[in-house]
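> I'd like to go over a predicted model; first the sequence, then the structure.
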Amino acid sequence: MARGGAELLPFDVPRGRRKLSRYLGPDESRWDRRFTGYLHGDSTAGGAVWLRLAPATLTVKDLSYAVEPPAGPASP
């Protein structure tokens, strides 16, 4: 959880393309159209913006868990 000051900024298409390429790969033809719409259409029409957060406090919790193996048949 982060607390601090934040501001909304206009969507930056070149920056968005760099970030999407990093996580979805370089081939835009394979990206879901929910993402490419921001890059090729009017990003403001869909409400796309950047959120810049300057955290004053940051709290991190480990939410991982161990998966128990499934119970096998009962031993005789």
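Here it is on my side, so go on.
> what sits up against the strand or helix carrying Pro14?
Here Pro14 sits within helix 13-24, counting by DSSP states H and E. Residues from elsewhere that reach helix 13-24 (C-beta atoms under 8 Å, 6 or more residues apart in numbering): 28, 30-31, 35, 38-39, 43, 48, 50. Yep, even glycine has a C-beta here, placed from its N, CA and C like the rest.
> for Leu51, helix, strand, or coil?
Judged by DSSP: H, G, I helix; E, B strand; the rest coil, the three-state class of Leu51 is strand.
> ok, for Ala6, nearest residue in space, not its chain neighbours?
Counting by C-beta to C-beta, 6 or more residues apart in numbering, Ala6 lies nearest to Leu53, which is 4.7 Å off, once chain neighbours are set aside.
> Can you find the helix or strand in the chain with the smallest mean pLDDT?
Sorting the helices and strands of the chain by mean pLDDT, DSSP states H and E puts helix 33-40 at the bottom, at a mean of 80.
> Could you give the number of residues near Pro26?
The burial count assigned to Pro26 is 10, neighbours taken as other C-beta atoms under 10 Å.
> for Lys61, that is, sorry about that
Counted with other C-beta under 10 Å, the neighbours of Lys61 add up to 6.
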